[in-house]
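*Asks:* Take a look and give me a structure for this.
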Amino acid sequence: MTASGTARRRREREIVHVLARHGLHLLASILSVEGEVEHERDHRGEPAVPARELRSAMEELGPTFMKLGQLLSTRGDLLPLDYRRELAKLQDAAPPAPAEAIQEVLESELSGGVAAAFAAFDARPLAAGSVGEAHAAVLHDGMNVVVKVRRPGVGEIIERDLEIIANLAARATRRSAVAAAFDVIGLAHEFASELRGQLDYLREARNAERFAANFAETEEVHIPRVFWELTSSRVITLERIDGIKITDVEALEAAGIDRAELAGKAAMTMGKMVFVDGFFHGDPHPGNFFVEIGGRLGIIDFGIVGSLDDGLRATTRRILLALYRRDPDRLAAALIGARGTGEPVDREALRDDLAKLIDGYVGRGAGELAVGGLIRAMLDVLRRQRLRLPRDLSLLFRTVLLEEGLVADLDPAFRLVDSLAPYARRQLLAGLTVPAMLDRLRDAGADLVDVVEDLPGDLRRGLNVLEDGGFDVHLRASELEPLMSRAERLGNRIALSVIVAALINAGAQAYGISRRHRGRRGAAARPA
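*Replies:* Here you go, the predicted structure:
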């Protein structure tokens, strides 16, 4: 075995050993090369709480696993609430790196080094996370900035661990039906892509500029400016936002800030991000929101963002429409259509769970409905049915949950559902515009052409088989489901095509009748 292979195997054994020591024996056994592991545990005189032990184990295993825990804390479709709450405590939990190491990174990344870049630089970090830390600094023109620096050596550590996590995911899939159902191999790839993105501060800088462009016409929201000449993949320099932490109620009161108005502003900001821009802040916890003098909302930290492409926008519309119509069949179809890869879903069981959810929540009036309660109930159903959502849709649900908690802290009487309802209605109506319908008609036409082009060959092959004495059919449900899904999608598109064609035909007829009527009226008005 090579030296790197030996080091990797040693690290795998360390991971299993740490999990076992924290009482997570089932997980350790699934991941271990040997399978079974010895039951061992620290004796600290306190009862074991699995969620807390998992957080402690991830803290002990270092930056990659701390980040993994943070990302898992956003996945209500994968973990119960008690685990997510524990793992959320991993935010910014790392000790500072040595000041000399941070200085060395800055000297290598910034042209001219620290002295040329800053009039002043505070070596004591404002905050230290598992990947990087933030420092206060002053530019030579007097501008206050925040400089985020990636920890020295963390990239190499994370790449090593990501390879190990991919191997462990494959091993878990072979040994655990639950792991296979949740497609932990796909999750490992998704996590690796997300974490590599967070290592790259150029991506965060681009995210910040995109938010700034989206809110350029909104004076109520302040996105910090990026100083590109002082930014690289390992360092990012941003305008410093000074203000009151959004949940510091006493300071807000002392500053004369109207908390109800501020809650509405925060809800409007999220509504615009999600429903208008399709690009939203993926980590809206209170530490990332500040209230400046005059009430302007300042937003920081753009390492985690969500994006709603046309497909996810359409999924969101289908979910909203199914909830509005109290239709569990449509809601089940929308969620199955949106899911990531994994084992086949028991549609009937999912439909029955969603019917109970709808009866419990959607029947209430808007004034009684808590969006968070509805989302948590839906995530519980998805987790119970082992249905994994796409990353951005799961992140959207989590964002709404955090936002509801944030505005409730500002104003307990504030109803997030009332603020989001106009955006949701526009989202529903967006699918009924003429351009949207024509796009769907074009897509349906492409599918129809695909089917028609394949049909002669398929028929010819079928006739050949029949001439040879027929055939036996052996189909597993997992093979049938994609076929049925395509057939259902094509059927829906063909039905839509017929409807649109009828509307176009009716419009053309109405236009012709109108022209003939105007022609007769004009002829009657003209002199003979």
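
*Asks:* what residue ranges in the stretch 401-528 of the chain score low on pLDDT?
*Replies:* In the predicted model, the stretch 401-528 of the chain carries pLDDT under 70 at residues 427-528.

*Asks:* Quick check: buried residues in the helix or strand hosting H135?
*Replies:* H135 belongs to strand 132-138 when assigned by DSSP states H and E. Buried residues in strand 132-138, counting neighbours by 16 or more other CB atoms under 10 Å, are found at 132-137. Heads up, the C-betas are built off the backbone N, CA and C, glycines and all.

*Asks:* chain center to it, what's the gap?
*Replies:* What separates the centre of strand 132-138 from the centre of its chain is 27 Å, taken as CA atoms, centre = their mean, to the nearest Å.

*Asks:* what pairs with that strand, and is each one parallel or antiparallel?
*Replies:* Using DSSP bridges, the strands paired with strand 132-138 are strand 120-121 (antiparallel), strand 127-128 (antiparallel), strand 144-150 (antiparallel).

*Asks:* Compare these and say which comes out lowest on pLDDT.
*Replies:* When mean pLDDT is averaged over each of the strands paired with strand 132-138, strand 127-128 scores lowest at a mean of 88.

*Asks:* So which of the strands paired with strand 132-138 is nearest D309?
*Replies:* strand 144-150 (28.1 Å; CB to CB).

*Asks:* returning to what we had before: just put the strands paired with strand 132-138 in JSON lines and tack on distance to A424 and mean neighbour count.
*Replies:* Listed next are the strands paired with strand 132-138 as JSON lines, based on distance: least, CB to CB, whole Å; neighbours: other CB atoms under 10 Å:
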{"stretch": "strand 120-121", "distance to A424": "46", "mean neighbour count": "14"}
{"stretch": "strand 127-128", "distance to A424": "35", "mean neighbour count": "17"}
{"stretch": "strand 144-150", "distance to A424": "35", "mean neighbour count": "22"}
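
*Asks:* what's the following helix or strand after the helix or strand containing A28?
*Replies:* In this structure, A28 sits in helix 25-31 according to DSSP H and E. For helix 25-31, the succeeding helix or strand toward the C-terminus, using DSSP H and E, is helix 50-61.

*Asks:* what residues does that following helix touch?
*Replies:* If you take CB atoms under 8 Å, 6 or more residues apart in numbering as the criterion, helix 50-61 is touched by 14-15, 18-19, 21-24, 65-66, 68-69, 82-83, 85-87, 89-90, 93.

*Asks:* Inside helices: which ones of those residues?
*Replies:* 14-15, 18-19, 21, 65-66, 68-69, 82-83, 85-87 (DSSP state H).

*Asks:* Apply the buried test to these and list what passes.
*Replies:* 15, 18-19, 21, 65-66, 68-69, 83, 86-87.

*Asks:* TSV for the buried residues of strand 132-138, including distance to A117?
*Replies:* Converted to TSV, the buried residues of strand 132-138 look like this (distance: CB to CB, whole Å):
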residue	distance to A117
G132	17
E133	17
A134	16
H135	12
A136	14
A137	8
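
*Asks:* so which helix or strand takes in the residue nearest to E12 when sequence neighbours are not counted?
*Replies:* Distances taken as CB to CB, 6 or more residues apart in numbering place I164 nearest to E12, at 5.8 Å, with adjacent residues excluded. Following DSSP H and E, one finds I164 within helix 154-175.

*Asks:* So for that helix, what gets flagged as buried?
*Replies:* Buried, per 16+ other CB under 10 Å, within helix 154-175: 154-155, 158, 161-162, 164-169, 171-173.

*Asks:* Find the nearest non-adjacent residue to W228, please.
*Replies:* A205 (7.0 Å).

*Asks:* who's in contact with the one you found?
*Replies:* 226, 228, 231, 236.

*Asks:* go on, A128?
*Replies:* By CB under 8 Å, 6+ apart, the neighbours of A128 are 92, 94-97, 134.

*Asks:* what's the distance between S193 and G76?
*Replies:* 20 Å (CB to CB, to the nearest Å).

*Asks:* Just the ones in strands from the contacts of A128, please.
*Replies:* A134 (DSSP state E).

*Asks:* where are the low-confidence patches of this protein?
*Replies:* Ranges of the chain meeting pLDDT under 70: 1, 3, 34-48, 91-93, 340-343, 362-370, 427-528.

*Asks:* can you list the domains in it?
*Replies:* The chain breaks down by automatic domain parsing into domains covering 95-128+131-240, 245-431, 434-525.

*Asks:* Now distance to V49 too, for those, in a markdown table please.
*Replies:* As requested, the domains of the chain are exported to a markdown table (distance: least, CB to CB, whole Å):
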| stretch | distance to V49 |
| --- | --- |
| domain 95-128+131-240 | 21 |
| domain 245-431 | 19 |
| domain 434-525 | 37 |
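
*Asks:* Show me the one of the strands paired with strand 132-138 that comes nearest M268.
*Replies:* Comparing these by CB to CB, strand 144-150 comes nearest, at 25.7 Å.

*Asks:* CA-only coordinates of the closest one in PDB, if you can.
*Replies:* What follows is strand 144-150, C-alpha atoms only, in PDB (Å, rounded to 0.1, in the frame of the first residue of the first chain):
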ATOM      1  CA  ASN A 144     -13.300  50.300   7.200                       C
ATOM      2  CA  VAL A 145     -13.300  46.800   5.800                       C
ATOM      3  CA  VAL A 146     -13.500  43.200   6.800                       C
ATOM      4  CA  VAL A 147     -10.800  40.800   5.500                       C
ATOM      5  CA  LYS A 148     -11.700  37.100   5.400                       C
ATOM      6  CA  VAL A 149      -8.700  34.800   5.200                       C
ATOM      7  CA  ARG A 150      -8.700  31.100   4.500                       C
END
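
*Asks:* thinking again about what came up before, pull the CA atoms of the strand holding H135 into CSV?
*Replies:* Extracted in CSV, the C-alpha atoms of strand 132-138 (Å, rounded to 0.1, in the frame of the first residue of the first chain):
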residue,chain,number,x,y,z
GLY,A,132,-11.5,30.9,7.6
GLU,A,133,-11.5,33.9,9.9
ALA,A,134,-12.5,37.5,9.6
HIS,A,135,-10.3,40.5,10.6
ALA,A,136,-11.0,44.2,10.8
ALA,A,137,-8.9,46.5,8.7
VAL,A,138,-8.7,50.1,7.4
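
*Asks:* relative orientation of that strand and helix 154-175 in degrees?
*Replies:* Using axes from the mean of the first three to the mean of the last three CA atoms, to 10 degrees, the inter-axis angle of strand 132-138 relative to helix 154-175 is 150 degrees.

*Asks:* And the buried ones among the ones in helices among the contacts of helix 50-61, which is closest to L106?
*Replies:* Nearest to L106 among those, with distances taken as CB to CB, is M66, at 23.5 Å.

*Asks:* Is the nearest residue to L396 once chain neighbours are set aside in a helix, a strand, or coil?
*Replies:* In this structure, L396 finds its nearest non-sequential neighbour in G306, 5.7 Å apart by CB to CB, 6+ apart. What DSSP: H, G, I helix; E, B strand; the rest coil gives for G306 is strand.

*Asks:* measure stretch 114-131 end to end?
*Replies:* 21 Å (CA to CA, to the nearest Å).

*Asks:* hang on, the earlier thing: same question for the helix holding A28: list its buried residues.
*Replies:* Buried residues in helix 25-31 (16+ other CB under 10 Å): 25, 27-31.

*Asks:* between those, which is closest to D200?
*Replies:* Among those, and counting by CB to CB, the member closest to D200 is L31, at 28.6 Å.
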